[in-house]
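> Quick one, structure for this:
(one chain, ligands or ions: 1)
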Amino acid sequence: MEDLLFRDLVYFHQLLVGEKLVLSRERFNKFKLNSVLDIGCGEGGALMRMYYAFGTLNVEGFDVMSEQDTLQAAIKRKTEKNLRSSPDKQRIVPRCIEDVYGLVRRYPDDVLPRMESVEEVRYFMKNIQYSTIASGYEPRLKSHDAVICSQVIQHARSVSDATEVLEMIRLQVNEGSLVFIAIKDGFPTALGYLEPSLLLAICSQYMSVLGLQHYLGKQTKDQGRVHIYTNL
Ligand SMILES: C[S@@+](CC[C@H](N)C(=O)[O-])C[C@H]1O[C@@H](n2cnc3c(N)ncnc32)[C@H](O)[C@@H]1O
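This next block holds a predicted model:
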């Protein structure tokens, strides 16, 4: 698979944005990937990509944002993108949350075909829960083949906020689970976010517990550097 496609495939990982990380799709092969939990799933792009690329059907996710706010954010992003793009590069603007999921891109070597109807997407989304914070979420399965938590933990306002999410990850993995955690280290402490060194220290602690590697990703314009903890 070309790097460019792979970069997109693992967009949710922002994995290949890390300068030195050379990965290939084969690295996913050591994992079963029948079930996935996405903590702070946002617009569900990671779950949809897992479905298309690996055939993952048992998907579960939650986010503290409401469904309506998630939809509005997607509409705003696409509309702004369209204003900056030429007429031939215009994107479809979603009208409902099912559209947001349904519009996720698929590639020719994806294992499953595109979901065509709102009903299909709705069925896929049956275990996605909005307006739900980590501390109030009870996972449906005992454990998952993959647990994703991408760009969520830096939103924590206290050590216990961060630990709650990391504990959920710890409790949701089994011996062979894929774990993917990404954070950014530049959220302003003046706005109540955790001191970056503290955030990184908490993540490092769980990295050892979960047997993960730490990778440095790209430096963002105003949210600090991306850090990735994964066993991929
Ligand atoms: C930057 S977005 C990332 C969304 C998605 N994971 C991705 O990588 O595209 C961060 C998301 O985490 C959610 N979030 C932050 N803290 C959370 C918590 N404690 N419980 C559930 N969702 C949370 C936010 O509402 C937001 O949708």
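
> Return the list of strands paired to the longest strand seen in the chain, each annotated with direction.
Criterion DSSP state E: the longest strand present in the chain is strand 173-184. When pairing is defined by DSSP bridges, strand 173-184 lines up against strand 144-150 (parallel), strand 225-230 (antiparallel).

> now the longest one: mean pLDDT?
Strand 144-150 comes out with an average pLDDT of 95.

> Tell me if it is near the ligand.
Yes. Interface with the ligand: strand 144-150 contributes Ser150 (CB under 6 Å from any ligand atom). C-beta coordinates here come from the backbone N, C-alpha and C atoms, glycine included.

> can you offset everything so residue one is 11?
Okay, residue one is now 11; in that scheme the one you just asked about reads as strand 154-160.

> can you pull the alpha-carbon coordinates of that strand into CSV?
This file holds the C-alpha atoms of strand 154-160, laid out as CSV (Å, rounded to 0.1, in the frame of the first residue of the first chain):
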residue,chain,number,x,y,z
HIS,A,154,-11.9,-5.2,23.0
ASP,A,155,-9.5,-6.3,20.4
ALA,A,156,-8.6,-2.7,19.8
VAL,A,157,-8.9,0.3,22.1
ILE,A,158,-8.4,3.8,20.6
CYS,A,159,-8.1,7.1,22.4
SER,A,160,-7.0,9.7,20.0
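
> Next, the buried residues of stretch 42-52.
Buried residues in stretch 42-52, counted by 16 or more other CB atoms under 10 Å: Leu43, Ser45, Val46, Leu47, Asp48, Ile49, Gly50, Cys51, Gly52.

> I'd like to know how far the fifth one sits from the ligand.
From Asp48 over to the ligand the distance is 6 Å, taken as CB to the nearest ligand atom, to the nearest Å.

> Spit out the contact partners of that residue.
Listed by CB atoms under 8 Å, 6 or more residues apart in numbering, the contact partners of Asp48 are Gly54, Ala56, Leu57, Val69, Glu70, Gly71, Ile158, Cys159, Ser160.

> which one of these sits closest to the ligand?
Among the contacts of Asp48, Ser160 lies closest to the ligand (CB to the nearest ligand atom), at 3.3 Å.

> For the residue nearest to the closest one when sequence neighbours are not counted, list each beta-bridge partner.
Nearest residue to Ser160 in three dimensions, chain neighbours excluded: Ala192, at 4.6 Å (CB to CB, 6 or more residues apart in numbering). Ala192 has these beta-bridge partners by DSSP bridges: Ser160, Ile238.

> So for Pro123, which of the strands paired with strand 183-194 sits nearest?
strand 154-160 (21.3 Å; CB to CB).

> next one: that closest one to chain centre, how far?
8 Å (CA atoms, centre = their mean, to the nearest Å).

> next helix or strand past the helix or strand containing Leu47?
If you go by DSSP states H and E, Leu47 is part of strand 45-49. On the C-terminal side of strand 45-49, the nearest following helix or strand under DSSP H and E is helix 55-64.

> which helices and strands does that next one pack with?
strand 45-49, strand 68-72, helix 128-134, strand 154-160 (3 or more CB pairs under 8 Å, 6 or more residues apart in numbering; DSSP states H and E).
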